[in-house]
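K.L.:
predicted structure and sequence below. I'll ask about it afterward.
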Amino acid sequence: GAGVSQSPRYKVAKRGQDVALRCDPISGHVSLFWYQQALGQGPEFLTYFQNEAQLDKSGLPSDRFFAERPEGSVSTLKIQRTQQEDSAVYLCASSLGLAQYNEQFFGPGTRLTVL
Amino acid sequence: DQQVKQNSPSLSVQEGRISILNCDYTNSMFDYFLWYKKYPAEGPTFLISISSIKDKNEDGRFTVFLNKSAKHLSLHIVPSQPGDSAVYFCAASASAGNNRKLIWGLGTSLAVNP
């Protein structure tokens, strides 16, 4: 069966450019998470969706970061006016339900490099 | 401030021996803990989990032990195999509201030598 997919896998952006990263969760999964993983670090939480509702965006580092999931399925993470410190791997994860014990399934990530 | 700590950046063991990966946490609100395995250029893959009401969970070669009083958990892999070579992340969550976000350690790179 299809897992979580992300596109593009790699993105190189010039500083100041806007980027959009896409996540296709596992079909039927209610919860969707975005994480940012800098080199040599563990993933850091960015934002959480329950269906189309963005219930927590406390991890977004600045107002240049925006995420949406308009139909409760595909999600897009947008970064405006990219900066070098935005360079990282952006991971998307989905889980089946709302219960805490639902495993989060991860996509392969999008590696963003800002020059 | 790291709420989940993996103090060993790397570990090397011989094939067939036991691998023990350690994790400490500081937030007493955490009540669910997970181990993920990550290969280069791939996303993390779930390995095993444990809730705070238990002190041990076993799945095949993998066992996780939880010591709540010490705020410590460990992952045991027996016997270790070369295919187990990867980065292992410890993660934790707290049952707060509707958010099940995971708080991660920095990872431990395990090398299993043939």
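P.N.:
Done, it's in. Numbers count the residues shown, from 1 in each chain, chains lettered A, B, ... in the order given.

K.L.:
which ones are touching the most centrally placed residue in chain A?
P.N.:
The residue lying closest to the centre of chain A (C-alpha atoms, centre = their mean) is A:Trp34, at 3.3 Å. Counting by C-beta atoms under 8 Å, 6 or more residues apart in numbering or on different chains, A:Trp34 makes contact with A:Cys23, A:Phe45, A:Leu46, A:Thr47, A:Tyr48, A:Ala67, A:Ser75, A:Leu77, A:Tyr90, A:Leu91, A:Cys92. Every residue, glycine included, has its C-beta placed from N, CA and C.

K.L.:
isn't the second one up against B:Lys101?
P.N.:
It refers to A:Phe45. Yes - counting by C-beta atoms under 8 Å, A:Phe45 touches B:Lys101, with 4.2 Å between them.

K.L.:
returning to what we had before: identify the residue spatially nearest to the residue nearest to the centre of chain A, adjacent ones excluded.
P.N.:
For A:Trp34, ignoring the flanking residues on the chain, the nearest one in space by C-beta to C-beta, 6 or more residues apart in numbering or on different chains is A:Leu46 at 4.2 Å.

K.L.:
same question, B:Leu34
P.N.:
B:Ser49 (4.3 Å).

K.L.:
that neighbour: helix or strand, and which one exactly?
P.N.:
Element membership for B:Ser49, per DSSP states H and E: strand B:45-51.

K.L.:
so what strands line up beside that strand?
P.N.:
When sheet partners are counted by DSSP bridges, strand B:45-51 sits next to strand B:32-38 (antiparallel).

K.L.:
picking that back up, show me what the helix or strand following the strand holding B:Ser49 packs onto, helices and strands only.
P.N.:
Toward the C-terminus, strand B:45-51 is succeeded by strand B:56-59 as the next helix or strand (DSSP H and E). With contacts defined as 3 or more C-beta pairs under 8 Å, 6 or more residues apart in numbering or on different chains; DSSP states H and E, the packing partners of strand B:56-59 are strand B:45-51, strand B:62-67.

K.L.:
what sits against A:Ala38?
P.N.:
When contacts are taken as C-beta under 8 Å, 6+ apart, A:Ala38 is in contact with A:Glu44, A:Ser87, A:Ala88.

K.L.:
residues near the first one, how many?
P.N.:
In this case it means A:Glu44. The number of residues packed near A:Glu44 is 18, by other C-beta atoms under 10 Å in any protein chain shown.

K.L.:
about what we covered before: including distance to B:Asp31 and mean pLDDT, could the helices and strands packed on strand B:56-59 go into a markdown table?
P.N.:
Formatted as a markdown table, the helices and strands packed on strand B:56-59 follow (distance: least, C-beta to C-beta, whole Å; pLDDT from 0 to 100):
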| stretch | distance to B:Asp31 | mean pLDDT |
| --- | --- | --- |
| strand B:45-51 | 6 | 95 |
| strand B:62-67 | 10 | 98 |
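
K.L.:
need those in CSV (columns: distance to B:Gln3 and mean neighbour count).
P.N.:
Shown next, in CSV, are the helices and strands packed on strand B:56-59 (distance: least, C-beta to C-beta, whole Å; neighbours: other C-beta atoms under 10 Å in any protein chain shown):
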stretch, distance to B:Gln3, mean neighbour count
strand B:45-51, 17, 17
strand B:62-67, 16, 18
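
K.L.:
for those strands, which one sits closest to A:Thr82?
P.N.:
strand B:45-51 (28.9 Å; C-beta to C-beta).

K.L.:
low-confidence ranges in chain A?
P.N.:
Low-confidence segments of chain A, defined by pLDDT under 70: A:1, A:98-101.

K.L.:
between the contacts of A:Trp34, which sits nearest chain B?
P.N.:
Closest approach to chain B among those (C-beta to the nearest C-beta): A:Phe45, at 4.2 Å.
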